[in-house]
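Colleague: Give me a 3D structure for the following:
(one chain, ligands or ions: 1)
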Amino acid sequence: MERIAQHAATPSANPAVPPCAGLCEALEAKREGVSRRAFVSAASLAAAVAILEACGASGATSPGGSGGPITVSLASYSALAAVGGVARVDGGSGSPTALVRTGASTFVALSLVCPHAGTTVAYTGSGWTCPNHGARFTTTGTWSGGQGASSLSSFATAYDGVAGTVTISRPS
Ligand code: FES
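Modeller: Prediction:
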């Protein structure tokens, strides 16, 4: 323990290298009777988990649509009253899904799962942006820049003007 404290307090001769450089943990593990192999294995696993968590941050989901069909009542989403309006309509069930009104009786339904690595994309007011690596998409889901990716997946829609609903054929 004394040696560990001394090591941590001793600055490196190279100013680019921090004083400890991770050796304190190795010494501590040895002091507690953990074999070097077990320590390195555990450290490697922890590093791999950290990388995976970082890659999947910000609401990652499995790619593709899921959750089954959705019937959206347009009266429930004021943004969809006007052409160009956008609303997230999954209600927290299944894969994140948005509906875009492209005309008086036409709509585009999008999976908000980024095709690059599965993060949920966010609407910016003029399109969609992935907060993970920066892929950008038009409002109707076409890839437009940033991290290379295919366009957002879309689902077939059926508009019922009498009922004021749009049914999205989202797969189960
Ligand atoms: S997950 Fe990488 S750009 Fe979206």
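
Colleague: Skip ahead from the lowest-mean-pLDDT helix or strand in the chain and say which helix or strand is next.
Modeller: Confidence across the helices and strands of the chain bottoms out at helix 36-55, with a mean of 34, counting by mean pLDDT, DSSP states H and E. Once the chain leaves helix 36-55, the next helix or strand it forms, by DSSP states H and E, is strand 70-73.

Colleague: Give me the buried positions along that following strand.
Modeller: 70, 72 (16 or more other Cβ atoms under 10 Å). The way it works is simple: take the backbone N, C-alpha and C, and place the C-beta from them, glycine included.

Colleague: What strands flank that strand, and is each parallel or antiparallel?
Modeller: strand 165-168 (antiparallel) (DSSP bridges).

Colleague: Can you dump the C-alpha atoms of the strand it pairs with in PDB for me?
Modeller: The C-alpha coordinates for strand 165-168 follow below in PDB (Å, rounded to 0.1, in the frame of the first residue of the first chain):
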ATOM      1  CA  THR A 165     -57.000   8.400 -39.100                       C
ATOM      2  CA  VAL A 166     -53.800   7.000 -40.600                       C
ATOM      3  CA  THR A 167     -53.000   3.400 -40.100                       C
ATOM      4  CA  ILE A 168     -49.200   2.600 -40.200                       C
END
